[in-house]
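Student: What shape does this take:
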Amino acid sequence: MAKKAKAYVLDTWAVIAYLEDEPSGEKVEDLIATAHEEQIPIYMSVVNVGEVWYTIAREISEEEADAGVKTLRDLRIQFENADWELTQEAAHFKSQNKMSYADAFAAALAKAMKADLVTGDNEFKPLDGEIKVLWV
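Tutor: Now for the predicted structure:
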């Protein structure tokens, strides 16, 4: 039997899939619903929330970007600020791997929270083992 997650961290890829109703978005939606039922916290780094915002603002509009962030808040996703310890861990991941800086923050937050990182982004493959990745 699979070990139940203590917490989840959503990366930008997973959130965009959810907000834009992509096929993997259904898995993210189910995970959020189950997490709420089982009282498992869901986190995002504010750096990743910013990445979600600018992605939607650039592709659609700032109003839609604001609506997307409101949706995350309505889903009770906890936004975590980037202090020096988190930033240093993200910088470490970035220095050792070919990944975006924002992705490094998602990985650092997952490590700090001992959480499962929810993604479909292949940039995280080299970290599978150092952090627990839940592929959607």
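Student: Would you indicate which residues of stretch 103-118 are buried?
Tutor: Using 16 or more other CB atoms under 10 Å as the test for burial, stretch 103-118 gives 103-113, 115-118. Using the backbone N, CA and C atoms, a C-beta is placed for each residue, glycine as well.
Student: Among those, which pair sits farthest apart?
Tutor: In the buried residues of stretch 103-118, the most distant members under the criterion CB to CB are A104 and D116, with 17.1 Å between them.
Student: Would you agree K70 falls within a helix?
Tutor: Yes. K70: assigned to a helix according to DSSP: H, G, I helix; E, B strand; the rest coil.
Student: shift numbering so it begins at 502
Tutor: From this message on, residue numbering opens at 502, which makes the last subject K571.
Student: now it: how far from M545?
Tutor: In this structure, K571 and M545 are separated by 14 Å, where distance is defined by CB to CB, to the nearest Å.
Student: Looking at the two now, which is surrounded by more residues?
Tutor: With neighbours defined as other CB atoms under 10 Å, K571 and M545 compare such that M545 has more, 26 against 10.
Student: Show me what the mean pLDDT comes to for the helix or strand hosting that one.
Tutor: In this structure, M545 sits in strand 543-546 according to DSSP states H and E. The average pLDDT for strand 543-546 rounds to 98.
Student: Show me how far it is from its chain's centre.
Tutor: 6 Å (CA atoms, centre = their mean, to the nearest Å).
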